[in-house]
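I'll drop the sequence and a predicted model, then ask my questions.
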Amino acid sequence: MIEMLLGVVGAGWLGGHWLIRRGLRAPRVADDATPAGVAWQAVALPTANGKTLRGWWIPAGDQAPALAVIHGWGGNAAMMLPLVAAMHGAGYGLLLFSARNHGASDSDTFSSLPRFAEDLEHAFDWLRARPEVDATRIGLLGHSVGAGAALMVAARRREVAAVVSLAAFAHPAGMMRRWLRWKGIPYRPFGRYVLAYVQHVIGHRFDDIAPRGTIADVACPVLLVHGTEDATVPVAEAHEILAAARPGQARLLLVAGDHEGFGDSNGPLAEVIAFLDQAGTADR
């Protein structure tokens, strides 16, 4: 009888873990477009766990500056295409790619902020090895969890010239608690356990990977871009990240729009380009 009861409890425990991982799994959305109006080539980049990332390389001439561009959770390389015309027109080579479990890239056991950062770091190293790229002028541009990944990579790689963070959240726990409320899951006792389990699976404490923490270790200039109508990540979180940066290292650009509206206007992109110029990423 005891063995049967333990078996039922164990099955429920394992089933609960399966439900957590299934509920948090990033949706895979196929790329529905390719770069237009520019010369590009399809690329396959090696990343961690023997996996391959797929995307597009859009060169900008000999010894040009470049940006590694990464999307957010459930996104793909095609969702970053609204940036191409302005950024490439300003003289930047662009590497747009999908993280593992996203777009056309390989599947892996799970996605997480640290794994987004692993993928972005491999993309950064791929750019550094390109003969047509000036390895001293490579920046990172990320959206949402990709923005958190950009800050995480820059915190450990002093070679990064600049970071553009689009709609980053301040702390993974805040995002998780908003997700729990959306799902109608009370924080006590269930939500608290979910957060602990997720940290166990990804192998990192949320406090150690939170953008509001990693930005303090970033040496290069950082531009935080955030929509004033962002309902997914409240604009207060951008101010929280800014407050944690070194004095004079980062600045905040507030733009009209929501969590996904970063490429809708030439105005904000012009300010992003001006920031990169000042940061020394571009040759002007």
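Yep, that arrived.

all contacts plus neighbour counts: C-alpha atoms, from now on.
Will do.

now the stretch 151-284 of the chain, which segments are flagged as low pLDDT?
262-267, 281-284 (pLDDT under 70).

quick one, longest strand in this protein?
Ranked by number of residues, the top strand in the chain under DSSP state E is strand 133-143.

now for it, which elements pack on it?
When contacts are defined as 3 or more Cα pairs under 8 Å, 6 or more residues apart in numbering; DSSP states H and E, strand 133-143 packs onto strand 64-70, helix 113-128, helix 145-156, strand 163-166.

and the following helix or strand past the shortest one, which residues are buried?
This points to strand 163-166. Using DSSP states H and E, the helix or strand that directly follows strand 163-166 along the chain is helix 172-183. The neighbour-count check on helix 172-183 (16 or more other Cα atoms under 10 Å) flags Pro172, Ala173, Met176, Arg177, Leu180 as buried.

what sits closest to the last one if chain neighbours are left out?
It stands for Leu180. Distances taken as Cα to Cα, 6 or more residues apart in numbering place Gly191 nearest to Leu180, at 6.5 Å, with adjacent residues excluded.

the longest strand of the chain to helix 113-128, inter-axis angle?
The directions of strand 133-143 and helix 113-128 differ by 150 degrees, with axes from the mean of the first three to the mean of the last three Cα atoms, to 10 degrees as the criterion.

now do strand 133-143: everything it contacts.
For strand 133-143, the external contacting residues (Cα atoms under 8 Å, 6 or more residues apart in numbering) are 62-72, 93, 124, 127-129, 147-150, 159-168, 280-282.

what's the mean pLDDT across it?
Averaging pLDDT along strand 133-143 yields 97.

okay, the angle between that strand and helix 145-156?
130 degrees.

alright, I will stop here.
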